[in-house]
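# give me a model of this one.
(one chain, ligands or ions: 3)
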Amino acid sequence: MYEIGITLTQYIIEEQRKTDQASGEFTALLNDIAVACKKISSLTRKGNLVGILGSAGSANVQGEEQKKMDVITNNVFIEALQNNGHVAALASEEMDEVYHLPDNKIRGSYLVTFDPLDGSSNMDVNVSIGTIFSILRAPEGVKNPAAEDFCKAGVKQIAAGYCIYGPSTILVLTTGYGVTMFTLDRESGSFILTQENVQIPVDTCEFAINMSNQRFWEAPIQRYIDECIAGKEGVRGVDFNMRWVGSMVADVHRILTRGGIFMYPIDARMKKAGTEGKLRLLYEANPMSMIVEQAGGLAVTGYERILDIIPKSLHQRVPVILGSKNEVERVNSYHKS
Ligand code: AHG
Ligand code: MN
Ligand code: MN
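Numbers count the residues shown, from 1 in each chain. Ligands and ions are numbered 1, 2, ... in the order given. As a prediction, the model looks like this:
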């Protein structure tokens with residue numbers, strides 16, 4: 001147990017002391033990530049004062065429109081991570097290929113994948129957005145790691161986290177020993193520990209799904225949501241509530257705080273288009289699944305545990321069902337029956 005009020009820096013130094021890899025490199029890398037998140041937080045506060053809302057007029061590798069802030073935040077992350085010798089390469093939702101460091105930069109021991117701005121279309125309407133990151137160990141003796149070095153199952157993640165830019169800026173981190181939350185204190189410029197050992201309630205009566213896709217869902221999801229909506233009068237015998245922010249970071253943060261189930265399932269349109277889901281395995285599903293499992297929840301596709309999937313490609317998409325344990329187990333059992 002830590003004292004509420006210690007800084008993120010103090011916390012990660014203490015955590016690192018518990019492991020045998022006390023080189024300080026991992027601590028320094030997490031600090032670089034925290035610096036990037038602080039910069040993004042400051043930019044999001046400024047918004048249109050500095051003309052950063054709206055479209056960049058380009059598309060990412062997945063054909064999605066890029067917002068100006070998608071491009072800006074991607075660069076903030078690259079700048080924060082490539083100069084200090086802690087990473088060997090980067091991969092981002094906003095870059096087609098693995099980002100190799102310039103030749104003159106020192107290579108470090110870690111790979112980082114990130115979604116620099118999650119829920120970026122919510123930036124324009126002033127709704128909570130975030131940054132998601134995942135840390136893997138880099139292969140030894142390789143100057144420029146390749147896509148396959150990033151394509152490791154989620155169980156191999158060393159750490160994962162997100163930073164939510166909402167009414168307050170909160171960085172949520174797991175290094176595989178539970179989940180801890182740090183709130184940014186603007187006066188001191190430090191992330192301060194505000195919640196330790198975060199636990200997702202095992203039961204919930206709140207679901208999050210984009211209902212407009214209902215007609216395309218598979219039968220198990222149709223059944224689960226039908227039963228939730230039937231409420232007290234249905235087989236569940238209890239009324240459910242629904243929330244959908246449209247920023248995964250914000251929906252997951254709510255679930256970590258008060259429980260819930262989040263679903264972005266595979267649907268008929270995706271199957272027709274040859275994709276397996278909307279959310280990206282390396283930048284969204286894996287880091288969020290590690291956090292959710294570390295907080296006592298579950299994260300599955302309906303067919304398998306997300307953290308066990310061996311990625312086939314950098315930008316692979318997967319169905320995501322995560323949150324309160326008993327509800328996720330129920331959805332899973334509907335897929336089996
Ligand atoms: P991003 O802004 O990084 O592309 O991610 C948006 C994702 C995720 O955050 C959210 O849960 C989902 O897309 C919302 O999708 P819909 O607009 O289809 O509801
Ligand atoms: Mn995203
Ligand atoms: Mn994004």
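
# residue contacts, the residue of the stretch 51-200 of the chain found nearest ligand 2?
Closest contact between the stretch 51-200 of the chain and ligand 2, by C-beta to the ion, is at Asp118 (3.5 Å). For the C-beta atoms, the positions are set from N, CA and C on the backbone; glycine is no exception. Neighbouring residues of Asp118 by C-beta atoms under 8 Å, 6 or more residues apart in numbering: 129-132, 162, 247-249, 284.

# can you tell me which of those are in strands?
129-132, 162 (DSSP state E).

# of the residues you listed, closest to Leu49?
Within the ones in strands among the contacts of Asp118, the smallest distance to Leu49 is 16.8 Å, found for Ile129 (C-beta to C-beta).

# now do stretch 61-69: everything it contacts.
Outside stretch 61-69, the residues that touch it by C-beta under 8 Å, 6+ apart are 43-44, 52-60, 93-96, 117, 120-121, 123-124, 280, 315, 317.

# if we look at ligand 2, which of the ones in strands among the contacts of Asp118 are close to it?
Here nothing survives when those are matched to ligand 2 using C-beta under 5 Å from the ion.

# so where's the stretch 201-337 of the chain shaky on pLDDT?
The stretch 201-337 of the chain contains no residues with pLDDT under 70.

# thinking again about what came up before, how close does the residue of the stretch 51-200 of the chain closest to ligand 2 get to Tyr162?
7 Å (C-beta to C-beta, to the nearest Å).

# common neighbours of those two, please.
Listed as contacting both Asp118 and Tyr162 by C-beta under 8 Å, 6+ apart are 130-132, 249.

# what's the most distant pair in those?
Spatially, the most separated pair among the shared contacts of Asp118 and Tyr162 is Thr131 and Val249, at 7.6 Å (C-beta to C-beta).

# with neighbour numbers in mind, choose between those two.
Remark: of Thr131 and Val249, Val249 carries more neighbours, 27 against 24, as counted by other C-beta atoms under 10 Å.

# which residues does the residue lying closest to the more buried one once chain neighbours are set aside contact?
Leaving aside its sequence neighbours, Val249 sits nearest to Gly130 (C-beta to C-beta, 6 or more residues apart in numbering; 2.9 Å). By C-beta under 8 Å, 6+ apart, the contact list for Gly130 reads 117-119, 162-165, 247-250, 253.

# local confidence estimate at Gly130?
Looking at Gly130, its pLDDT is 98.

# and the gap between it and ligand 3?
Here Gly130 is placed at a distance of 9 Å from ligand 3 (C-beta to the ion, to the nearest Å).

# show me what that residue bridges to in the sheet.
Under the criterion DSSP bridges, Gly130 forms beta bridges with Asp118, Ile164.

# and Val318, by the same measure?
With DSSP bridges as the rule, Val318 is bridged to Leu279.

# wait, it sits on Ile310?
No: Val318 lies out of contact with Ile310 (C-beta atoms under 8 Å); the separation is 11.6 Å.

# more neighbours: the two, which one.
Using other C-beta under 10 Å as the criterion, Val318 and Ile310 rank with Val318 on top: 25 against 11.

# and Asn326, what does it touch?
By C-beta under 8 Å, 6+ apart, the contact set of Asn326 is 202-204.

# just the buried positions in the one helix or strand it maps to, please.
Assigned by DSSP states H and E, Asn326 belongs to helix 325-336. Buried positions in helix 325-336, judged by neighbour count with 16 or more other C-beta atoms under 10 Å: 325, 327-328, 331-332, 334-335.

# now intersect the contacts of stretch 61-69 with the helices, please.
Using DSSP state H, 43-44 are the members of the contacts of stretch 61-69 that sit in helices.

# re earlier: how far out from the middle of the chain is the helix holding Asn326?
Distance of helix 325-336 from the chain centroid (C-alpha atoms, centre = their mean, to the nearest Å) equals 22 Å.

# next one: stretch 242-251
12 Å.

# do stretch 131-141 and ligand 1 meet at all?
No: using C-beta under 6 Å from any ligand atom, stretch 131-141 never reaches ligand 1; the gap is at least 8.1 Å.

# name the helices or strands packed onto the host helix or strand of Glu227?
Per DSSP H and E, Glu227 falls inside helix 219-230. With contacts taken as 3 or more C-beta pairs under 8 Å, 6 or more residues apart in numbering; DSSP states H and E, helix 219-230 sits against helix 325-336.

# could you give the angle of the helix it packs on to helix 219-230?
The directions of helix 325-336 and helix 219-230 differ by 130 degrees, with axes from the mean of the first three to the mean of the last three C-alpha atoms, to 10 degrees as the criterion.

# just the CA trace of helix 325-336, in PDB.
What follows is helix 325-336, C-alpha atoms only, in PDB (Å, rounded to 0.1, in the frame of the first residue of the first chain):
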ATOM      1  CA  LYS A 325     -16.600 -10.400 -14.500                       C
ATOM      2  CA  ASN A 326     -20.100 -12.000 -14.100                       C
ATOM      3  CA  GLU A 327     -21.600 -10.100 -17.000                       C
ATOM      4  CA  VAL A 328     -18.700 -10.800 -19.300                       C
ATOM      5  CA  GLU A 329     -18.900 -14.500 -18.300                       C
ATOM      6  CA  ARG A 330     -22.600 -14.400 -19.200                       C
ATOM      7  CA  VAL A 331     -22.000 -13.000 -22.700                       C
ATOM      8  CA  ASN A 332     -19.200 -15.600 -23.200                       C
ATOM      9  CA  SER A 333     -21.600 -18.400 -22.200                       C
ATOM     10  CA  TYR A 334     -24.200 -17.200 -24.800                       C
ATOM     11  CA  HIS A 335     -21.500 -17.500 -27.400                       C
ATOM     12  CA  LYS A 336     -20.900 -21.100 -26.400                       C
END
